[in-house]
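# sequence below, structure please.
(2 chains)
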Amino acid sequence: GAVVSQHPSWVICKSGTSVKIECRSLDFQATTMFWYRQFPKQSLMLMATSNEGSKATYEQGVEKDKFLINHASLTLSTLTVTSAHPEDSSFYICSASLPFNLAGGVFDVYEQYFGPGTRLTVT
Amino acid sequence: DAKTTQPTSMDCAEGRAANLPCNHSTISGNEYVYWYRQIHSQGPQYIIHGLKNNETNEMASLIITEDRKSSTLILPHATLRDTAVYYCIDSYGKLTFGQGTILTVHP
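Below you'll find the model as predicted:
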């Protein structure tokens, strides 16, 4: 269980064009999805947190008008890189979290399950 | 910035236990300790998490010190497929990845 898919797995696009990446939770409903970016030999950097039906929350330094996030359902979030430039070339990874469990009046922590990633190359 | 400290790299012989340490001395009371790993060019994989008690699942064991300032992830019988970057994260919700520990399992 807890499988997350991403599409496409890799994409090459020309500078100035836009690219959409899909993230789906296949066997569970995800209340929250996260988008990360990873440059070569570096760690994952959180870009934004996305809750179904509401606007995404972006991390400091991430341009919300450039990286458009839509979380239209509990199983699908999309990241659109608009007007892509070569410096946007990176490995983009999404994750989806299981719903909170309410136990004894205390919210339990939720685990994040990651997609396989999308490698974007902008030429 | 990540709030945990891990060794940059570790080696382990196949079939032996791999013990990966993590220091999280600034962890707050409601923050859990999470362990994830990332095999090259793949998305991270959840391993285990805990609050203050030791935890065990089919993948690993997590030993958390009584003061919660450090923990150890134990892979009881490491295999070549366990070669990966292992991330220790203290968090309630949002995950902040540090540089992790590169674990190399040798034949």
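# state the number of residues packed around B:Arg37.
For B:Arg37, the neighbour count with other Cβ atoms under 10 Å in any protein chain shown is 23. Yep, even glycine has a C-beta here, placed from its N, CA and C like the rest.
# name the residues linked to it by a beta bridge.
B:Arg37 has these beta-bridge partners by DSSP bridges: B:Gln45, B:Tyr86.
# which residues touch it?
B:44-45, B:47, B:82, B:84-87, B:103 (Cβ atoms under 8 Å, 6 or more residues apart in numbering or on different chains).
# ok, A:Lys64 touching A:Thr57?
No: in this structure A:Lys64 lies outside contact range of A:Thr57 using Cβ atoms under 8 Å: 9.3 Å.
# quick one: common contacting residues for the two?
The contact lists of A:Lys64 and A:Thr57 share A:Ala48, where a contact means Cβ under 8 Å, 6+ apart.
# a markdown table please, covering the contacts of B:Arg37 and showing neighbour count and distance to B:Ser71.
Output for those, formatted as a markdown table (neighbours: other Cβ atoms under 10 Å in any protein chain shown; distance: Cβ to Cβ, whole Å):
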| residue | neighbour count | distance to B:Ser71 |
| --- | --- | --- |
| B:Pro44 | 27 | 18 |
| B:Gln45 | 14 | 18 |
| B:Ile47 | 21 | 12 |
| B:Asp82 | 19 | 18 |
| B:Ala84 | 21 | 18 |
| B:Val85 | 19 | 17 |
| B:Tyr86 | 24 | 12 |
| B:Tyr87 | 27 | 12 |
| B:Leu103 | 21 | 15 |
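# nearest to chain A among the residues you listed?
B:Pro44 (4.7 Å; Cβ to the nearest Cβ).
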